[in-house]
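J.: below: sequence and its predicted model.
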Amino acid sequence: MLLVTKSTLAATLAWIVSYYGLDAQSPAFAPFSAVMIMYATVYQSVTQSLRYVGAVAAGVAVQAALGFLAGPDLLTFVLVAIIALSIGRTRVLGVQGPQAATAAFFAFSTYSSTTDNMTRISQLGQIVLLVLIGCVIGTAVNITIAPPLRYRSAEYSVRILARALCDLTADIHPVLREGAPDADTTARWRERANQSDGLIAQARAGLRTAEESIHYNPRRLLKRHRGHLTFQGYETVLNALERTLSQLASLTRSLDQWGQEESEHEYRHFLDRYAAFLEAISTIANALSALDEKELGRQTENLDGLVRDALTRRREVAEAAGARSLPLADPTRPYGALVIEATRLMEEIQYTSDTLHSWVRA
């Protein structure tokens, strides 16, 4: 609603300036541009407005050069299209690249509808001026009226991955307590674990949005926001959770290789201890999924106890494997790999907890 309101205000102001102030022939360019660069962060508004103005100026310049050299005929239009579309493919203009061709086509239409060269120059220059006015007004409105700060996006990024970790481990540990999982169940776990790439990309996009919201934003100068100058803590936790999900994917692959011919009386206690360990991991992930910076001190203290419990459960896994003399060194059996995966998973969880502690102390 805020973005819609600000876009409406920016478009209205741009229309007033272009229609009533300049009496422009095509005043809609200004409000259209004002809305085009109204992004979720001030940083994006500034950078995209520069690219947008550059794309429009390039497109108009191509049309002006070819139009005055060759005239407004079909061959000129073809050449304008080829050059403008090629310019739009450059990395400098980014997502605004197609606007070069759009501007060139509008400029060609304007050029063709007039016969006087001075009028043509005036009209083509007016297109660039209107776009510039719209971008300036749109950026100014976005900066001065509740400029967006996306601090919560960083928290949500951590929560996304923590919730994925919590949900999968919560599904695995009850089944392991019942005994060896069947092939269909382990295949389903493995597939879910391998689908975490999309969640990771979503989480990283949220973190980037939070980082971008700081740049050029006057609200960051307010006292209550000065502690958010960097998001290194969130990024470190996010990296650790990403590695944790990777370890969980490896763990599910080991479970998927479980042989149904294993003797139940040998591994039943081992699976029970492994289920207890994964349950402890699920509890930690659930705590991380509720991460709130305002409550971070209390949450890290609670996390300490959960991590200690998980460490105990991890030791019990190793002890259960040793007590039953399970073939840990046999690469064709899953036990050794599962013990190693539990150790690595615990290391990442411990690192996440330590990172949060360092963050709170800082």
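T.: Happy to help now that I have it. Numbers count the residues shown, from 1 in each chain.
J.: where does the chain have low pLDDT?
T.: For the chain, the stretches with pLDDT under 70 are 148-151, 219-232, 258-266, 293, 324-325, 327, 331-332, 362.
J.: apply 80 and report the result again.
T.: 40, 115, 147-155, 179-180, 209-234, 236, 256-267, 291-297, 321-335, 359-362 (pLDDT under 80).
J.: ok, and the closest non-adjacent residue to A329?
T.: G336 (6.1 Å; C-beta to C-beta, 6 or more residues apart in numbering). Any C-beta I mention is one placed from the backbone N, CA and C, and that applies to glycine too.
J.: do the same with L176
T.: A275 (3.9 Å).
J.: what helix or strand does the one you found sit in?
T.: Per DSSP states H and E: A275 is located in helix 264-288.
J.: and that helix, what other elements does it pack with?
T.: When contacts are defined as 3 or more C-beta pairs under 8 Å, 6 or more residues apart in numbering; DSSP states H and E, helix 264-288 packs onto helix 151-177, helix 296-323, helix 335-361.
J.: what's the last one packed up against?
T.: Going back to what we said before, that points to helix 335-361. So helix 335-361, by 3+ C-beta pairs under 8 Å, 6+ apart, packs with helix 232-256, helix 264-288, helix 296-323.
J.: for it, what is the distance to the chain centroid?
T.: 24 Å (C-alpha atoms, centre = their mean, to the nearest Å).
J.: same check on the second one?
T.: Taking the mean C-alpha point of helix 296-323 and that of its whole chain, the gap between them comes to 31 Å (C-alpha atoms, centre = their mean).
J.: same check, this time on stretch 28-39
T.: Worked out by C-alpha atoms, centre = their mean, stretch 28-39 lies 25 Å from the chain centre.
J.: what's next to it, contact-wise?
T.: Stretch 28-39 is contacted from outside by 3, 6-7, 10-15, 17-18, 24, 45, 48-49, 52, 127, 130-135, 137-139, 141-142, using C-beta atoms under 8 Å, 6 or more residues apart in numbering.
J.: and it, which residues are buried?
T.: Neighbour-count burial for stretch 28-39 flags F29, A30, P31, F32, S33, A34, V35, M36, I37, M38, Y39 (criterion: 16 or more other C-beta atoms under 10 Å).
J.: report the angle between the helix or strand hosting D197 and helix 232-256.
T.: According to DSSP H and E, D197 maps onto helix 196-212. Helix 196-212 and helix 232-256 are oriented at 180 degrees to each other (axes from the mean of the first three to the mean of the last three C-alpha atoms, to 10 degrees).
J.: just the buried positions in helix 196-212, please.
T.: S196, L199, I200, A203, R204, G206, L207, R208, T209, A210, E211, E212.
J.: one more: stretch 61-68?
T.: Here stretch 61-68 shows A61, V62, Q63, A64, L66, G67 as buried, counting by 16+ other C-beta under 10 Å.
J.: got these as JSON lines, with secondary structure and distance to G233 columns?
T.: Compiled in JSON lines, those are given as follows (DSSP: H, G, I helix; E, B strand; the rest coil; distance: C-beta to C-beta, whole Å):
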{"residue": "A61", "secondary structure": "helix", "distance to G233": "46"}
{"residue": "V62", "secondary structure": "helix", "distance to G233": "48"}
{"residue": "Q63", "secondary structure": "helix", "distance to G233": "50"}
{"residue": "A64", "secondary structure": "helix", "distance to G233": "51"}
{"residue": "L66", "secondary structure": "helix", "distance to G233": "54"}
{"residue": "G67", "secondary structure": "helix", "distance to G233": "56"}
